[in-house]
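1. Starting from these lines, generate the structure:
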Amino acid sequence: MSVIKPYRYLTKNAIESEANELLLQMQGTPNSPKWPFVADQAANYLKLSVVWDSLPSHNNRPVFARIYPQTRIIEFNEDIPELQQNRGLEQSTLAHEIGHWMLHVNQNEADGFVQQLELSLSDETAEQPFLCRKVTEQHISKSSTNKQFDSIEWQAQYFASCLLMPTHILEEKRIGRDLTREFHLDAMAQDIGVTKSNLKHRLKDVGWICIPKGSKQIYLGNGVPNEQMRLF
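-> Residues are numbered from 1 along each chain as shown. Predicted structure coming up:
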């Protein structure tokens, strides 16, 4: 049996359940979930080590990180300054690799094989990792190898979003804040330990905000909890 699981279609709900289950398992351990920077605790809980090294580009695109399942090592690319300067981006990248470990690795087989999963992000997508390689929902149902790769990357990044920003943390951190104001989103992102871009994607995904295409104006979405509607 390969250390890498065969491709499978996963719904958003299934991926979110996997992330929530990991957070639940971490409760009551020395690595109990804490925000900001919960990905650090998750990696420690899973006994995944993080190292920094110079990683070569793949298909003329920078590799931000990669995971070696056999040795439980996640390598970060030390040649990408943003990874060391932007903790939110670093956490998203780490959570992405944890997503590969949880969703795509046969963990019981990992010790017997040497394989790796690579996360490749262009400069354009680095701050919008929910759309890594411009994957959209319609691509996921396609059967070609490339579409499956895009789907696997999307699955790992959606897992990262759910791990870093579970709904109960979003509910806690939004109290007293107006989700339509940029400086409130800045503060909320800092409290959670993510980039504001990632936070906006997550808030749009759960229906709390909407941003019309081509506009920077933020509006409250239909899914926003009632308490938010009454605050302002």
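
2. give the contact list for the residue most central in space within the chain.
-> For the chain, the residue nearest the mean C-alpha position is residue 160 (2.2 Å; C-alpha atoms, centre = their mean). Contact analysis of residue 160 by C-beta atoms under 8 Å, 6 or more residues apart in numbering lists 39, 92, 95, 96, 98, 99, 129. No exception for glycine: its C-beta is placed from N, CA and C like everyone else's.

3. can you put those in CSV and add neighbour count and secondary structure?
-> Formatted as CSV, these follow (neighbours: other C-beta atoms under 10 Å; DSSP: H, G, I helix; E, B strand; the rest coil):
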residue, neighbour count, secondary structure
39, 24, helix
92, 30, helix
95, 27, helix
96, 29, helix
98, 25, helix
99, 29, helix
129, 27, helix
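
4. domains in this structure, as residue ranges please.
-> 12-164, 169-231 (automatic domain parsing).

5. confidence score at residue 142?
-> At residue 142, the model reports a pLDDT of 41.

6. First-to-last residue distance for stretch 178-186?
-> When the termini of stretch 178-186 are compared using C-alpha to C-alpha, to the nearest Å, they are 11 Å apart.

7. Could you list the low-pLDDT ranges of this protein?
-> Under the criterion pLDDT under 70, the flagged ranges of the chain are 1, 111-145, 226-232.

8. So which residues of it form helices?
-> 12-26, 38-45, 81-85, 87-104, 123-126, 137-140, 145-164, 167-173, 182-192, 196-205, 226-231 (DSSP state H).

9. Next up, the contacts around residue 73.
-> Per C-beta under 8 Å, 6+ apart, neighbours of residue 73: 48, 49, 50, 51, 67.
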